[in-house]
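S.K.: Show me how the following folds:
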Amino acid sequence: MALLERLKRDTATTKPQPPAPGANADAPAPVEESRDLAPRLQQLKFHVHNELFELLDLAKLSTVSEERARQDVALATRRILDEEKALLTLEDREQLVKEIQNEVFGLGPLEPLLQDPHVADILVNGPDHVYVERFGKLSKSPARFKDNTHLMRIIERIVSAVGRRVDESTPMVDARLADGSRVNAIIPPLALDGPSLSIRRFGTDPLTADKLVASGALTPEIVTLLDGIVKARLNVLISGGTGAGKTTLLNVVSSFIPKNERIITIEDSAELQLKQEHVVRLETRPANIEGTGRIAQRDLVINCLRMRPDRIVVGEVRGPEALDMLQAMNTGHDGSLTTIHANTPRDALTRIETMVAMSGVEIPTRAVRNQIASAIHVVVQLVRLSDGRRCLSSLQEITGMEGEVVTMQEIFTLEKHGVDADGNVIADLRATGIRPKFSEKLRVAGIDLASDLFDRTV
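M.R.: Below you'll find the model as predicted:
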C-alpha cells in the first residue's frame, strides 16, 4: 500500500486520548509545561526528524513532486507526534510540522528568514546566535540551531549544491543559493567559536533604476547619464565598501546594455542577474582535494577574450586579473563594467595599481597609471550612510594624466546637511556644475543630454 494511503489510514484510526478526570480540555498548559518551551520543541523536533528516517524512504521522495513529498512528510510528522502523545498547542504543532519540512527540503531554521523579503543579510555566529539585517539595521533573530553539527549539516547542504566542499582541509568557502544569494562559510579550526555562516541576499524582485531613484540612492539625472555612458561604451568602475550596493548598481547599469550585444560575466561566485538573452556566465573554481584544478578570475578574463565578447562584466576585481582587465579595456573591449572595494574613487585607482603589482609583471608605476587613465572613463562611488541607506556619493570622470598623477573631476556629489530627530541622514545628490569631457563621446554616439543636466541648481 502506498505510504500516503497508509498514513492517512493510520491517522484516521488513531483515537485522541481523553482528558484526565476533572481536567478542563481547553485549559492552558501548566506553567511547568510551558516554561522553557523553545528548547523542549528543539529536542522534540530532532527526535521527530530522526524518526522520519525510519518511517519514510526519503530517497523515494525525490521521485515525486515537491508538493506531494511535503504532504507525505507533514502527514508522517503528525503521526509521530500522535504516537509520542506530545503535549503541544495546535499552533506549536503546526509550527513543528513546518520546521520539519524545512529540515528535510530546505535550510532548516534559515528558511523563514530566506522567505522574508525584508531580510538583506543573515549572519550566523554559531548555533545560538543568528543576526539579520533589515532596512540597514542589525537585530538578533530567534532562529536557532540545535548544535554545531546541525549548523555544519546546513552549511554542507548549501556548498554541495554548487559543487564545492568545506572541511578541515578547506575551512573557508564561497558559494551561492539557488536565488543567487551570496554565501560565505568558515569553520573550525579557523573559526574558534564554531561554524560561521554569512548570507548576502538578493531580492526575488531585483531592484531597478526607478526603484533606486524612489529610494533616494540615485537621481533621474544620474540614471540618464549612466544610461548614456553604457550605450556610448565607456568603461565604468563601481567602487564602494562592503554592503554599499555595488552588485545591485552593477545589475542596474548592465541593464542598459543593448540586447543585441554578447555579454560575458566573470565572477568568483555567480550572483549577477542580467536580463539580456545573450549572456555567457563564467565562474571561478577552487582547487580540488588534491590541491589542483583551481581556475582563478585571471584565467577566466584571459579566456573570455577568445570568446568574442561585446561586453565584459567582472563581478569584482580583487587580484592580478586587474592587469588583464585593463589590457582588455585598452585593446578594443570597451564598454566593460566591474566593481572594486574602496572608500573613495582615488582609493579605487590606488587599489587597481596595487593589484596590477600582484600580477608579478614588472611594469613601471607611470605605465600602470597611464593604463588606468586610458582604460577607465568613469568611477561611481557608493556609500552606506549611518542610517543604513545606500546611495551614490560621487560620480567622477578620469580625464588623463598630469605628471605622475591620474587626474579626475567630480560630476555629481552627495551633499550632507546633518541628521534629523529620527537619526536619518539629511543629504541630496547634486551636479557640481562641471560638464564632463566624455559628453562629446556621448554626442557622437547619438546620445543627446539635456543642456541643464549638469546644472548645479537643478
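S.K.: host element of residue 237?
M.R.: Take DSSP states H and E as the rule and residue 237 turns out to sit in strand 236-240.
S.K.: Quick one: classify residue 191 as helix, strand or coil.
M.R.: What DSSP: H, G, I helix; E, B strand; the rest coil gives for residue 191 is coil.
S.K.: Now it: closest residue in space, sequence neighbours ignored.
M.R.: In space, residue 191 comes closest to residue 171 once its chain neighbours are excluded; the distance is 7.5 Å by C-beta to C-beta, 6 or more residues apart in numbering. (Glycine included, C-beta is placed from N, CA and C.)
S.K.: if we can go back for a sec, what does the strand holding residue 237 rub up against?
M.R.: Residues outside strand 236-240 that contact it (C-beta atoms under 8 Å, 6 or more residues apart in numbering): 226, 229-230, 246, 249-250, 253, 336-342, 344-345, 347-348, 352, 376-384.
S.K.: what's the answer for stretch 257-265, then?
M.R.: Counting by C-beta under 8 Å, 6+ apart, 230-231, 254, 272, 274, 276-282, 304, 307-315, 335 sit against stretch 257-265.
S.K.: Drop the exposed ones from those residues and show what's left.
M.R.: For those, burial is judged from neighbour counts taken by 16 or more other C-beta atoms under 10 Å, and it is met by 230-231, 254, 272, 274, 279, 282, 304, 309-315, 335.
S.K.: Now the two most distant members of these.
M.R.: 231 and 282 (24.2 Å; C-beta to C-beta).
S.K.: What helices and strands are in contact with the lengthiest strand in the chain?
M.R.: Of all the elements of type strand in the chain, the one with the most residues (DSSP state E) is strand 405-419. Other elements packing on strand 405-419 under the criterion 3 or more C-beta pairs under 8 Å, 6 or more residues apart in numbering; DSSP states H and E are helix 220-231, helix 345-357, helix 365-375, strand 390-402, strand 425-431.
S.K.: Nearest to residue 72, out of those?
M.R.: If we rank the helices and strands packed on strand 405-419 by C-beta to C-beta, the stretch that ends up nearest is strand 390-402, at 43.5 Å.
S.K.: Three-state assignment for residue 149, please.
M.R.: Classification of residue 149 into helix, strand or coil gives helix, according to three-state DSSP.
S.K.: Same list, the helices and strands packed on strand 405-419, but as TSV with mean pLDDT and distance to residue 238 please.
M.R.: Supplementary listing: the helices and strands packed on strand 405-419 in TSV, determined by pLDDT from 0 to 100; distance: least, C-beta to C-beta, whole Å:
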stretch	mean pLDDT	distance to residue 238
helix 220-231	94	10
helix 345-357	95	9
helix 365-375	94	15
strand 390-402	94	10
strand 425-431	90	16
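S.K.: Nearest to residue 68, out of the ones you listed?
M.R.: Taking C-beta to C-beta, strand 390-402 is the member of those nearest to residue 68, at 42.0 Å.
S.K.: quick one: strands adjacent to that closest one?
M.R.: If you go by DSSP bridges, strand 390-402 pairs up with strand 378-384 (antiparallel), strand 405-419 (antiparallel).
S.K.: which residues sit against the shortest one?
M.R.: By C-beta under 8 Å, 6+ apart, the list of residues contacting strand 378-384 from outside reads 136, 226, 229, 234-241, 243-246, 249, 253, 342, 344-345, 348-349, 390-398, 408, 414, 438.
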